[in-house]
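Chemist: Here you go, sequence then predicted model.
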Amino acid sequence: MSLSSVSNESEGLSVDEKTHLLNSTHDSEYHVKMDNLYGGYDVLDPFLKNVRMRVKRGHIYSLLGPSAAGKTTILKVILGLLTPISGNVEVLGRTPTIKQGKRIGYMPQDLALYQELTIGQTLYFYGKLMGMSNSRINERIKDLTETLELPEKGRMIGNLSGGQKRRTSLAVAMLHEPELLILDEPTVGVDPVLREKIWEYIRDLTKRGVTIMITTHYIEEAIDGDSVCFVRNGEILDEGPPRDLMEKYNCDTLENTFCFLCQQRDNLVNELDNNKNDLVENVDPKLETDEKIYGNNNNHGNEDEIDNNNKPKSIHSDSDTNYESTSRSETEIKHPKKKGKKKKKNDESTVSRVFTPIKIFACSKMKVEILLRFPMVLFILIIIPGIIVWIASTAFGHDPYHISFYVFNEDEGTKTPNGTVHIGEEIEEALKKFTTGYSPIFDLRNGKEQYNSLKELRHAVQNGDLIGYIHMKKEFSYASVERFTKCSTNQTVVGLSVANVYLDMSNVEIFVSIQKALENSFVKVCAKLEQGVSTNEFLPMDLKPVYGTAIPSFKSFILPALIMVISFSFPLFLTSIGVVREKILGVIERIFVTGTSTLDVVLGVISTNVLTLLLQLAILFPIVIYGFDVKCEGNFFLLFLDAVSIAITGMSAGLLIGFLVGHEFEAMVFSFCFFFLNLSISGFSWPNQAQPGWLRAISQCLPTTHSSLLSRSIMARGWGLDNFIVWRGFVIIIAWNVFYILLTALLTKNVITPKPEKILGIFKRKKKKDQEW
Ligand SMILES: Nc1ncnc2c1ncn2[C@@H]1O[C@H](COP(=O)(O)OP(=O)(O)OP(=O)(O)O)[C@@H](O)[C@H]1O
């Protein structure tokens, strides 16, 4: 490779990376080297066993094998998406990490494309993640459109044919002209003419020093490659130039060669199984069997690399690799050495910045472009919180009205010096007048023909025809006058002056409203009996509000917290389900392979969601403050900050859930549980002060509790950042954000890590594939 071509291909690389590229292109004959590699999705049961391979620079290397043979798994190790359990692996002269991005192009087996983006938007997005300039991206789009016969760049991926989608996916992998191109079944669903063109194109690429690793089901197309590698059940059967292998095993096709190798391997395994009992004592039969199977059958094409004992030579000394060079027979599976201590100098160049603004912008732009594909959904998404709050403001906080209540008034009245008084009737009148914002609370039904006895009334309440009734006895007025004007303490008099109220108490809010209305009606009527005593003075207490109004409104209590609940829940659900969808599509993996960090993705998601949130709040706040007269006594900016920070908490929790689970259904269930747990103890609808001590302690740690408290404190109390409760609330919310984001970054450090999958067995996603070709 010439220096000029190196500089051409290294566009967008850091100085370290460029230096390394120059060194590596001169130093290394191989772009991929693997020795004694064990790895897979289960630490205790590695799928890849003793894999050894050599991929020469500028060669086309085909991985051939049946479905579920482990071809994709090998590619994932090379891409740094899967950490090996033991053994050596070196890609472009380094231990692979997902940060090697720009030097590798990857076309996954699944399309891994956003169906809602156009071809141009997709290529622009990945180009930006690769650090390419706009003009370079446009040039490459033009080249690739010609070479791969792509449809015009304005076409949406979702509307393309299977073959066109596959070619677009291939174009993404080739866009930045990588040194190593990894293609997982690029020719599936592509017509024979185009398949030939793709092979011609990749052959052409190899002339420029590009290495191609390709998996294919069309086994015979690999005949034109430089090397093939037969894989079965996670083992390499043999590798080498295709025609050499055919000659070696005396077969006329590659397919027959593969069948021959499989047969040979099965015979060996059977033979070993039969002899198992004869094996020497004290030798672990499994190890012995493994050694014979994996050790002796590694008849690779590069025989110069194999020592006299037919064991592959270690290409690297222990000092220049992160993994111990060891064969399975020498020692049990060893875990990778702790990284960092013995990090190669080369590896340091792969440590990219924690986040890159241009990548964040690219992620955010791509999300906005997808959102704009669904204008109706976007519109609903923006106005729906406003509608929810409007409906909630209309429904919450008012006293119930038109409650079916019966007054069973047997009171016959009594004579006083001022005339005859009918207290029962007066109470009935007072109850009738007791109205809420809309209507009288009570829908008094007192046609005596309807209910003639207390028994009938009780039955009506039991049947749900009435919510309750009040019974005033014949002597009710007489006894009330005796009790309140003459201060009689006679027990019979006191008993007769009591009206009995029977209520369906199953609904606490209705009970409280009825109780309040009854008490007020009684206070009004009975206070009149005490001459010269006004209604106010009947209760020797005057309530003066410090915060809020003399008659507290439930709306002022619930709406500020509801804004925060909405700000938290929408991003939580949308993000968790969105991330899982991207994971299933394979785009997350593809994005990570470009060297994009978790933080870039997270910040991209956050910035898009904050944009949506701003629009939501622009509708929501005016509805609450102007439409429903819930005053904001404090700093409006702080209230806004509260909503944004709890929304980011929702997003980061959603990201964490999304990265942890493997299916949309799981994401939905986990998000629901998480949301309702938060909601039920956050004091949103019932004061935290009512919770038992242990629950209160938990709720005091939750961001949602503090967000609700903050919104009420800012709106009703007018508190600012000088108040301990306010800044403590912000600190706790921000701390949770940092925690969720760091945990997500940690879990996605290696996109597929065996460890979390092992620990969280329920998240394990097993691809069940039959072993048939
Ligand atoms: N994420 C995963 N978690 C657990 N097991 C997995 C996962 N992905 C693949 N496997 C399993 O690993 C084995 C090898 O799968 P791999 O995808 O490497 O096969 P393949 O040779 O690429 O097959 P195909 O040609 O059908 O794509 C299979 O048994 C598969 O079920």
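Modeler: Great, that's in hand.

Chemist: Residue 223 reaches residue 243, doesn't it?
Modeler: Yes: Residue 223 is within contact range of residue 243, at 7.4 Å (criterion: CB atoms under 8 Å). Every C-beta, even on glycine, is put in place using the N, C-alpha and C of the backbone.

Chemist: which parts of stretch 115-134 are buried?
Modeler: 116-132 (16 or more other CB atoms under 10 Å).

Chemist: Extract the CA atoms of it and return them as PDB.
Modeler: The C-alpha trace of stretch 115-134 is given here as PDB (Å, rounded to 0.1, in the frame of the first residue of the first chain):
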ATOM      1  CA  GLN A 115     -36.300   1.900   7.600                       C
ATOM      2  CA  GLU A 116     -37.500   5.400   8.000                       C
ATOM      3  CA  LEU A 117     -34.400   7.100   6.600                       C
ATOM      4  CA  THR A 118     -33.600   7.700   3.000                       C
ATOM      5  CA  ILE A 119     -30.400   6.100   1.500                       C
ATOM      6  CA  GLY A 120     -28.800   9.600   1.500                       C
ATOM      7  CA  GLN A 121     -29.700  10.300   5.100                       C
ATOM      8  CA  THR A 122     -28.400   6.800   6.100                       C
ATOM      9  CA  LEU A 123     -25.100   7.300   4.400                       C
ATOM     10  CA  TYR A 124     -24.700  10.800   5.700                       C
ATOM     11  CA  PHE A 125     -25.400   9.600   9.200                       C
ATOM     12  CA  TYR A 126     -22.800   6.900   9.100                       C
ATOM     13  CA  GLY A 127     -20.400   9.100   7.300                       C
ATOM     14  CA  LYS A 128     -20.600  11.700  10.100                       C
ATOM     15  CA  LEU A 129     -20.000   8.900  12.700                       C
ATOM     16  CA  MET A 130     -16.900   8.000  10.700                       C
ATOM     17  CA  GLY A 131     -15.800  11.700  10.900                       C
ATOM     18  CA  MET A 132     -16.100  12.300   7.100                       C
ATOM     19  CA  SER A 133     -16.600  15.700   5.600                       C
ATOM     20  CA  ASN A 134     -19.800  16.500   3.800                       C
END
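
Chemist: pLDDT averaged over it, what's the number?
Modeler: Averaging pLDDT along stretch 115-134 yields 94.

Chemist: re earlier: from the buried residues of stretch 115-134, which land in helices?
Modeler: The helices, defined by DSSP state H, take in 119, 120, 121, 122, 123, 124, 125, 126, 127, 128, 129 from the buried residues of stretch 115-134.

Chemist: Can I get the residues you listed in TSV including distance to residue 624?
Modeler: Below are those laid out as TSV (distance: CB to CB, whole Å):
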residue	distance to residue 624
119	44
120	42
121	37
122	41
123	44
124	40
125	38
126	42
127	44
128	39
129	40
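
Chemist: what two of these are the furthest from one another?
Modeler: 119 and 129 (16.1 Å; CB to CB).

Chemist: Low-confidence stretches in the stretch 301-450 of the chain?
Modeler: In the predicted model of the stretch 301-450 of the chain, residues 301-354, 437, 446-449 satisfy pLDDT under 70.

Chemist: what ranges do the strands span in it?
Modeler: Taking DSSP state E, counting those that start in this stretch as the test, the strands found in the stretch 301-450 of the chain are 403-409, 414-416, 419-421, 442-444.

Chemist: Relative to residue 365, tell me which of the ones you listed wins on proximity.
Modeler: Nearest to residue 365 among those is strand 403-409; the distance by CB to CB comes to 55.6 Å.

Chemist: what packs against that closest one?
Modeler: Other helices and strands packing on strand 403-409, by 3 or more CB pairs under 8 Å, 6 or more residues apart in numbering; DSSP states H and E, are helix 423-433, strand 442-444, helix 454-463, strand 468-472, helix 508-529.

Chemist: Give me the angle between the last one and strand 468-472.
Modeler: The one in question is helix 508-529. For helix 508-529 against strand 468-472, the angle by axes from the mean of the first three to the mean of the last three CA atoms, to 10 degrees is 20 degrees.

Chemist: Buried residues, helix 508-529. List them.
Modeler: By neighbour count on 16+ other CB under 10 Å, the buried set for helix 508-529 is 510, 513-514, 517-518, 521-522, 524-529.

Chemist: any chance of these in CSV, plus pLDDT and distance to residue 213?
Modeler: Converted to CSV, the buried residues of helix 508-529 look like this (pLDDT from 0 to 100; distance: CB to CB, whole Å):
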residue, pLDDT, distance to residue 213
510, 87, 71
513, 86, 73
514, 88, 77
517, 88, 79
518, 90, 82
521, 87, 86
522, 87, 87
524, 81, 89
525, 83, 92
526, 77, 92
527, 75, 92
528, 74, 96
529, 71, 98
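
Chemist: Out of those residues, the closest to the ligand would be?
Modeler: Nearest to the ligand among the buried residues of helix 508-529: residue 510, at 53.6 Å, using CB to the nearest ligand atom.

Chemist: ok, how many other residues are close to the closest residue in space to that closest one that isn't next to it in sequence?
Modeler: Counting by CB to CB, 6 or more residues apart in numbering, residue 510 lies nearest to residue 400, which is 5.3 Å off, once chain neighbours are set aside. Residue 400: 18 surrounding residues under other CB atoms under 10 Å.

Chemist: Make sure residue 400 is actually in contact with residue 443.
Modeler: No: in this structure, residue 400 is not within contact of residue 443 by CB under 8 Å, at 10.6 Å.

Chemist: quick one: the top helix by length along the chain near the ligand?
Modeler: When the chain is parsed with DSSP H, its longest helix is helix 554-585. No: taking CB under 6 Å from any ligand atom as the criterion, helix 554-585 and the ligand are apart, separated by no less than 10.2 Å.

Chemist: closest one to the ligand among the helices and strands packed on strand 403-409?
Modeler: Distance to the ligand, taken as CB to the nearest ligand atom, is lowest for helix 508-529 among the helices and strands packed on strand 403-409, at 49.9 Å.

Chemist: Does anything pack onto the closest one? Which helices or strands?
Modeler: Going by 3+ CB pairs under 8 Å, 6+ apart, helix 508-529 lies up against strand 403-409, helix 423-433, helix 476-485, strand 500-503, helix 535-538.

Chemist: To residue 194, which of these lies closest?
Modeler: Residue 194 lies closest to strand 403-409 among the helices and strands packed on helix 508-529, at 74.6 Å (CB to CB).

Chemist: Off-centre distance for that closest one?
Modeler: Remark: strand 403-409 is offset 53 Å from the chain centroid, using CA atoms, centre = their mean, to the nearest Å.

Chemist: who does it pair up with?
Modeler: Strand 403-409 sits in its sheet next to strand 442-444 (parallel), strand 468-472 (parallel), going by DSSP bridges.

Chemist: pLDDT of the longest one, averaged?
Modeler: By that I understand strand 468-472. 93.

Chemist: quick revisit: rebuild the helices and strands packed on strand 403-409 as a markdown table, extending it with distance to residue 594.
Modeler: Listed next are those as a markdown table, based on distance: least, CB to CB, whole Å:
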| stretch | distance to residue 594 |
| --- | --- |
| helix 423-433 | 72 |
| strand 442-444 | 68 |
| helix 454-463 | 68 |
| strand 468-472 | 68 |
| helix 508-529 | 55 |
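
Chemist: I'd like to know which of the ones you listed lies nearest to residue 166.
Modeler: helix 508-529 (59.9 Å).

Chemist: CA-only coordinates of the closest one, as CSV, when you get a sec.
Modeler: Extracted in CSV, the C-alpha atoms of helix 508-529 (Å, rounded to 0.1, in the frame of the first residue of the first chain):
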residue,chain,number,x,y,z
VAL,A,508,-62.8,8.0,50.4
GLU,A,509,-62.9,11.1,48.3
ILE,A,510,-66.7,11.0,48.1
PHE,A,511,-66.9,10.4,51.8
VAL,A,512,-64.7,13.4,52.5
SER,A,513,-66.8,15.6,50.3
ILE,A,514,-70.1,14.5,51.9
GLN,A,515,-68.7,14.8,55.4
LYS,A,516,-67.5,18.3,54.6
ALA,A,517,-70.9,19.3,53.2
LEU,A,518,-72.8,17.8,56.1
GLU,A,519,-70.6,19.4,58.7
ASN,A,520,-70.9,22.8,57.1
SER,A,521,-74.7,22.5,56.8
PHE,A,522,-75.0,21.5,60.5
VAL,A,523,-72.7,24.2,61.7
LYS,A,524,-74.7,26.8,59.8
VAL,A,525,-78.1,25.7,61.1
CYS,A,526,-77.0,24.9,64.7
ALA,A,527,-75.1,28.1,65.0
LYS,A,528,-78.3,30.1,64.3
LEU,A,529,-79.8,28.5,67.4
